[in-house]
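> could you work out the structure for the sequence below:
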Amino acid sequence: MCGIAGVIHRDGPSDLGTEITRMLQSMKHRGPDSTGYALYGPPDDLIVVRFMLAEPNEYGGFGVEERLERNRAEVESRLAKIGADLATIDSATGYAFRATIRYEGELKPLADYLEDIPGCEVLSLGNSLEIVKDLGDAESVEAQYGLSEVRGTHGIGHVRMATESDVDLASAHPYWAYPFADVAVVHNGQLTNYHQWRRRLERSGHRFQSECDSEIIAVYLAEKLELGLTLETAMKDSLDDFDGVFTYLVATDSELGIAKDEMAAKPLVLFESDNLVAMASEEMAIRALVGREVITRDPFEREVLTWQV
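Numbering: from 1, shown residues only. The predicted structure is shown next:
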């Protein structure tokens with residue numbers, strides 16, 4: 001079991017980190033093992049790179065800090081070699097990092113070059129998107145990463161209960177659609193034709209950071225967007241191509257969308273006002289966001305909805 005949530009403001013930035021934390025914390029019972037955010041602010045000239053150099057449960061072991069320092073220096077060296085101008089780099093944890101760069105090249109060579117460093121995994125790349133995820137509940141992750149200071153226009157989040165995979169960052173949502181900028185997905189359910197689609201996308205040159213079917217959805221949609229399809233059309237195509245029971249949320253730099261499979265068995269409720277749209281696995285998450293009782297609705301079978309900032 002897990003919980004998903006999303007919010008989009010159509011009247012400008014808000015305290016996005018705090019808002020999504022409230023929603024996710026209210027659903028802690030659906031997944032206390034890890035919490036993740038995909039947060040979007042107004043696009044910037046700088047590219048934000050979120051990456052990790054070790055799993056949280058590795059940090060503090062013998063020789064780990066020295067290895068992380070060497071690998072961080074290697075990240076900075078490789079950024080320079082590939083033509084990226086490093087503006088800032090910092091870490092709230094010692095193992096997860098945030099860098100901002102000026103870079104005009106293709107993102108795939110950049111991500112691949114960094115991930116060739118032992119232990120390095122790029123969590124997100126983009127001018128608007130930042131993915132933050134770690135072990136523990138939403139309040140602990142918010143405090144650890146200072147997310148109460150983050151303002152933005154829209155975002156999605158996920159709380160996870162580990163069932164078939166380890167409790168680690170590699171298995172935590174959201175997933176970035178490598179190597180496409182600013183596309184992220186959270187998902188509740190299971191794709192039964194996961195392996196078929198993974199092989200098909202790998203033959204097209206894509207690679208995956210995990211064994212999670214949510215990552216398949218992200219890359220599938222991003223590839224469709226790259227081909228010129230609208231987000232809504234790409235999502236409708238996914239309902240024909242993916243088998244299984246699922247509800248997913250997807251975000252880009254300017255849109256947020258939801259999709260439910262033909263059985264609509266995985267829960268999602270929706271609240272919409274003039275300037276705010278919020279969605280979550282449970283209504284209590286929306287009440288936690290707006291601070292009052294609300295009237296919500298359940299999206300229908302095979303329903304696809306999108307909203308723009």
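> make it CA atoms for all contacts and neighbour counts henceforth
Noted.
> packing partners of the helix or strand encompassing His187?
Using DSSP states H and E, His187 falls within strand 184-191. Contact partners of strand 184-191 among helices and strands, from 3 or more Cα pairs under 8 Å, 6 or more residues apart in numbering; DSSP states H and E: strand 2-9, strand 154-160, strand 175-176, helix 213-226, strand 244-251.
> give the next helix or strand downstream of the first one.
Going down the chain from strand 2-9, the next helix or strand is helix 16-26, by DSSP H and E.
> residues in contact with that next one?
3-7, 35, 37, 39, 137-139, 142, 147-159, 280, 284-286, 288-289 (Cα atoms under 8 Å, 6 or more residues apart in numbering).
> over to stretch 94-101?
46-56, 59, 65, 68, 84-91.
> please save the CA atoms from it in CSV.
Listed next in CSV are the C-alpha coordinates belonging to stretch 94-101 (Å, rounded to 0.1, in the frame of the first residue of the first chain):
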residue,chain,number,x,y,z
GLY,A,94,26.0,14.3,3.4
TYR,A,95,24.7,11.7,0.9
ALA,A,96,22.1,13.6,-1.2
PHE,A,97,23.1,16.8,-3.0
ARG,A,98,21.6,19.8,-4.9
ALA,A,99,23.6,21.5,-7.6
THR,A,100,22.7,24.3,-9.9
ILE,A,101,24.6,24.6,-13.2
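> about what we covered before: next SSE downstream of the strand holding His187?
Strand 184-191 is succeeded, C-terminally, by helix 194-203 (DSSP H and E).
> and that following helix, what's buried?
Neighbour counts over helix 194-203 (16 or more other Cα atoms under 10 Å) mark 194, 197-198, 201 as buried.
> now the buried members of the contacts of helix 16-26.
Applying 16+ other Cα under 10 Å to the contacts of helix 16-26 flags 3-7, 35, 37, 39, 137-139, 142, 147-148, 150-159, 280, 284-286, 288-289 as buried.
> re the thing from before, please, a ChimeraX command that selects the buried ones among the contacts of stretch 94-101?
The ChimeraX command for the buried members of those (criterion: 16+ other Cα under 10 Å) is given here:
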select :46,47,48,49,50,51,52,53,54,55,56,59,65,68,84,85,86
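> tell me which of the contacts of stretch 94-101 fall in strands.
Applying DSSP state E to the contacts of stretch 94-101, the entries found in strands are 47-52, 85-91.
> and these, which is closest to Val122?
Phe51 (4.2 Å; Cα to Cα).
> please list all residues in contact with that closest one.
96-98, 120-124.
> nearest to Thr230 among these?
For these, the nearest to Thr230 is Ser124 (21.7 Å; Cα to Cα).
> circling back: including secondary structure, could the contacts of Phe51 go into a markdown table?
Output for these, formatted as a markdown table (DSSP: H, G, I helix; E, B strand; the rest coil):
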| residue | secondary structure |
| --- | --- |
| Ala96 | strand |
| Phe97 | strand |
| Arg98 | strand |
| Cys120 | coil |
| Glu121 | strand |
| Val122 | strand |
| Leu123 | strand |
| Ser124 | strand |
